[in-house]
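A.B. asks: okay, predicted coordinates and the sequence, questions at the end:
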Protein chains: 2
Amino acid sequence: MKALGHQIIAEFYDCDGDLLANVDYVTDAMLEAAKRAKATIVTHTFHHFSPLGVSGAIIIAESHLAIHTWPEYGYAAVDLFTCGDSLHTEQAFHYLREALKSGTFSTMSLERGHQAMLAGRVPVEAPKKVVNG
Amino acid sequence: MKALGHQIIAEFYDCDGDLLANVDYVTDAMLEAAKRAKATIVTHTFHHFSPLGVSGAIIIAESHLAIHTWPEYGYAAVDLFTCGDSLHTEQAFHYLREALKSGTFSTMSLERGHQAMLAGRVPVEAPKKVVNG
């Protein structure tokens, strides 16, 4: 284990502004992205802003997915935060890029909770997270 | 305007594990952090995992705050994503650091939605986001 979490910071430019303004479309696209990542969806919340823009987050057993859209700029900021090695975040990213019709994009990959910083606090066997209820 | 959004990636190490395992405490701390940032809270969702750990997000009119805790490691990953220049994210960060009793921490600051990438898509006057309802 190098780190506890892995985060993809995605910048989607030149998207379809009408899609970015549609809260139902953005919600469905994010939920589908979570499914394609093979994530376990716990709960989600999405909100439409006037006159434009959608913000939302999906809590997954493996952390979260979040999006903020600026339809007037054709821009969406997406974070894909996961823990463990089992998720297919690349598939989620590529699906979203196509769903939002992004012509230009960039990504940054971050490690969260570095092993070197956890030394001395690491339990003999780290409990696996399980969704309650 | 240099960018549409600003994101603080905070790594809180050496926290109080009991606090990180308490979903009510973590929820209250995050909501208080949002208030100290002078954010407009739209909705929030927090979830407790068995046997340990809390994940949650607060959607604010100015983007989002998110947290994931690993009590067994004394570690919490926090993202403070805001747009506009009006929020006091530094106050939110310092409040959370004290609330979680983090002994060691690091932060990274990211700009989201760069101006140079938005050229040609910038409206004459960008509409201000307003919370619906």
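C.D. replies: Structure received. Being a predicted model, the structure only gives us computed values, none of them experimental.

A.B. asks: and the helices in chain A, which stretches?
C.D. replies: Using DSSP state H, the helices found in chain A span residues A:17-20, A:23-36, A:89-99, A:115-118.

A.B. asks: quick one, what contacts the residue of chain A found nearest chain B?
C.D. replies: Residue nearest to chain B within chain A: residue A:57 (3.9 Å; C-beta to the nearest C-beta). Where C-beta positions appear, they are placed from N, C-alpha and C, glycine not excepted. Applying C-beta atoms under 8 Å, 6 or more residues apart in numbering or on different chains, we find residue A:57 in contact with A:44, A:45, A:46, A:64, A:65, A:66, A:67, B:45, B:57, B:59, B:64, B:66.

A.B. asks: pairing partners for it in the sheet, please.
C.D. replies: Beta-bridge pairing of residue A:57 under DSSP bridges involves residue A:45, residue A:66.

A.B. asks: and residue A:82, by the same measure?
C.D. replies: residue A:6, residue A:63.

A.B. asks: ok, it touching residue A:62?
C.D. replies: Yes: assessed by C-beta atoms under 8 Å, residue A:82 is found in contact with residue A:62 at 4.7 Å.

A.B. asks: can you pull the residues that touch both of the two?
C.D. replies: Common contacts of residue A:82 and residue A:62 (C-beta under 8 Å, 6+ apart): residue A:39.

A.B. asks: quick one on the thing from earlier: can I get the helices of chain A in CSV including mean pLDDT?
C.D. replies: CSV is the format used below for the helices of chain A (pLDDT from 0 to 100):
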stretch, mean pLDDT
helix A:17-20, 96
helix A:23-36, 98
helix A:89-99, 96
helix A:115-118, 88
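
A.B. asks: could you dump those to TSV with mean neighbour count and distance to residue A:77?
C.D. replies: Conversion of these to TSV gives the following (neighbours: other C-beta atoms under 10 Å in any protein chain shown; distance: least, C-beta to C-beta, whole Å):
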stretch	mean neighbour count	distance to residue A:77
helix A:17-20	19	11
helix A:23-36	19	12
helix A:89-99	18	11
helix A:115-118	15	27
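
A.B. asks: can you check which of the ones you listed gets nearest to residue B:121?
C.D. replies: Residue B:121 lies closest, by C-beta to C-beta, to one member of the helices of chain A: helix A:17-20, at 8.3 Å.
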